[in-house]
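Asker: need coordinates for the following:
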Amino acid sequence: MKKQEELFLDYLTRKRLKNTSQRMIILKAFLRQDSHLSTEDFYLQLRKKHPGIGYATVHRTLKLFAECGIAAERNFGDGQMRFEVRHDNEHHDHLVCTECGRIIEFENQQIEQLQLDVAQKHNFFIKDHRLELYGLCQACFSNDQGNI
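Answerer: Numbers count the residues shown, from 1 in each chain. Alright, predicted model coming up:
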């Protein structure tokens, strides 16, 4: 967490932006997250403890996090941009339930190796990638089966 704070503070300095107390509150709360939050979800969470922080401030700060590399912006096809904490050298993929919106993170070394093999075969250097699989989670699949 300390490294991400330093990255953000360094980014603010380089861009000649102010380090405000609200940005630091948002940063500390964001770095404690373990889910994929929309600006609105995160704002509603923050508002409970910090009613003085506005929606626009949260949105702009999340964008700054993405710009400096401590957050990843994700769009899972539902029209809402979500943000998740980005950790060094940690990669994961997502299973997205199209019914309830649940997002399950997973890691699979075989998939990672296959991607590298395909890239190598085509003389291609991968800088970044993401894998998102869309379908039904177990609960929604079970409910769907009951409706047949």
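Asker: now the spatially most central residue of the chain: phi and psi?
Answerer: Centroid-nearest residue in the chain: residue 84, 2.1 Å away (criterion: CA atoms, centre = their mean). Dihedral angles of residue 84 (phi, psi; degrees, to the nearest 10) stand at phi -140, psi 150.
Asker: that one touches residue 33, doesn't it?
Answerer: Yes: at 7.3 Å, residue 84 counts as touching residue 33 under the criterion of CB atoms under 8 Å. The C-beta positions use only the backbone N, C-alpha and C, and glycine is treated the same way.
Asker: pLDDT below threshold where in the chain?
Answerer: 1, 88-90, 144-148 (pLDDT under 70).
Asker: please enumerate the helices of it.
Answerer: Here the chain has its helices, by DSSP state H, at 2-14, 21-31, 39-49, 55-68, 109-121, 138-146.
Asker: mind listing what's buried in the fourth one?
Answerer: Spelled out, that is helix 55-68. Residues of helix 55-68 classed as buried by neighbour count (16 or more other CB atoms under 10 Å): 57, 58, 59, 61, 62, 64, 65, 66, 68.
Asker: that helix packs against which elements?
Answerer: Applying 3 or more CB pairs under 8 Å, 6 or more residues apart in numbering; DSSP states H and E, one finds that helix 55-68 makes contact with helix 2-14, helix 21-31, helix 39-49, strand 71-75, strand 81-85.
Asker: deepest-packed of these, please.
Answerer: Of those, the one with the most neighbours on average (mean count of other CB atoms under 10 Å) is strand 81-85, at a mean of 20.
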